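Undergrad: okay, predicted coordinates and the sequence, questions at the end:
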Amino acid sequence: MTVLPGDGIGPEVVEATLSTLDALDAPLSFDVLDHVNASAYRRSGHALTDGDLARITSGSAVLLGAFGDPALEDTDYVRSVLLRLRLEFDLYANYRPARLWQDRLSPLRDPSKRAVDCVIVRENTEGLYSGVGGALRAATPWETAVDADISTYHGVSRIIDFAFSVAAEKVCMVDKANAVRSGGSLWQRCWREAAERHPDKRASHLYVDTAAMKLVTDPTEFEVVVTNNSYGDILSDLTAALAGGLGLAASASLNPETGFGLYEPVHGTAPDIAGKGIANPLATVLTAALLYERLELTAEADALRRAVTAAIAKGRVTPDLGGDLSTREAAAAVRAEL
């Protein structure tokens, strides 16, 4: 398994997580590429070399910390790592589960509505984040910017089919077909065809604004939500907040056909707390549990989740979850529960 610690709090939470994974004694070895980061990019203009990519290809999966540096004003650096990996391995399915680990972490007042346990399935290689577009007369009063929202029949069909494949009972497709007519029409067509292919699952549809409202008023209505790249990005952060915050938000970018995946916590580099030793490692630990589960190390994945649940219940957590532990101490608390 390849490990990319990255930038900001990435190395801190990855170090704490690897110490915890070592305690499981699972049949996995770690190839840590700690030279892939913003500092290397500033020196050489390259972040991820062909040699690095070859090492990643030889592994079974990638565990990633976080990438990004506020000192780099353009987005080329992050795109040269994350977008390259998504495209090279065709990681078209972004899988973001949201589960409330402890009742006290929910921002919702009604206890009957708090028990969120759903998954946002996000198309990961198309949409507004494809990089198609440009600017005319840049840096003038007449500047015109265009970003194209790309949807293909192939891409939309396969992400919807993946959503049905991971659902036990029901899938809700979210779009804005009433306003975004061309892409919306394609998503609607693919949705109808997929629902016919999966008659054993309950299929529903919501516009994205309505979905956001319903997620806040009663997230327990949802099991699997499938949507495009940008809507999925937004809704998965919303569900993360409903489940206790970004410090607990795990994520995986998958190619279901090859089995290869890139596993990363949702929280990003958090430069405001980087180096302070208080970053929450639990999102990375739970992301590792997703990785273990996909590699069919089910017992180890379950053990990690039980240990996280127990540590949270005892308040053995970092300040963002109401505790007073450091990053390393919070990881040690999880190991103690193992």
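TA: Received the coordinates, thanks. Everything numeric in this text was worked out from a predicted model, so none of it was measured.
Undergrad: so how far is residue 266 from residue 47?
TA: As judged by C-beta to C-beta, to the nearest Å, residue 47 and residue 266 stand 21 Å apart. Placement of C-beta: from N, CA and C, glycine included.
Undergrad: same deal with residue 87?
TA: Residue 87 is 20 Å from residue 266, by C-beta to C-beta.
Undergrad: again with residue 153
TA: For residue 153, the distance to residue 266 - C-beta to C-beta - is 29 Å.
Undergrad: re earlier: which residue of residue 87 and residue 266 possesses the greater neighbour count?
TA: A count of neighbours by other C-beta atoms under 10 Å puts residue 266 above the other of residue 87 and residue 266, at 20 against 14.
Undergrad: next up, the contacts around the more buried one.
TA: Residues in contact with residue 266 (C-beta atoms under 8 Å, 6 or more residues apart in numbering) are 96, 236-237, 240, 246, 249-251, 283.
Undergrad: got the confidence number for it?
TA: Looking at residue 266, its pLDDT stands at 94.
Undergrad: burial of the nearest residue to it once chain neighbours are set aside, as a residue count?
TA: Using C-beta to C-beta, 6 or more residues apart in numbering and skipping residues adjacent in sequence, the residue nearest residue 266 is residue 249, 3.7 Å away. Counted with other C-beta under 10 Å, the neighbours of residue 249 add up to 24.
Undergrad: I figured residue 249 hits residue 265, correct?
TA: Yes: Residue 249 lies in contact with residue 265 (C-beta atoms under 8 Å); the separation is 6.4 Å.
Undergrad: overlap in contacts, these two.
TA: Common neighbours of residue 249 and residue 265 (C-beta under 8 Å, 6+ apart) are residue 283.
Undergrad: number of residues surrounding residue 141?
TA: For residue 141, the neighbour count with other C-beta under 10 Å is 5.
Undergrad: what's it in contact with, if anything?
TA: By C-beta under 8 Å, 6+ apart, residue 141 has no neighbours at all.
Undergrad: and what about it, helix, strand or coil?
TA: Using DSSP: H, G, I helix; E, B strand; the rest coil, the structure places residue 141 in coil.
Undergrad: against residue 147, how distant is it?
TA: Distance of residue 141 to residue 147, given as C-beta to C-beta: 20 Å.
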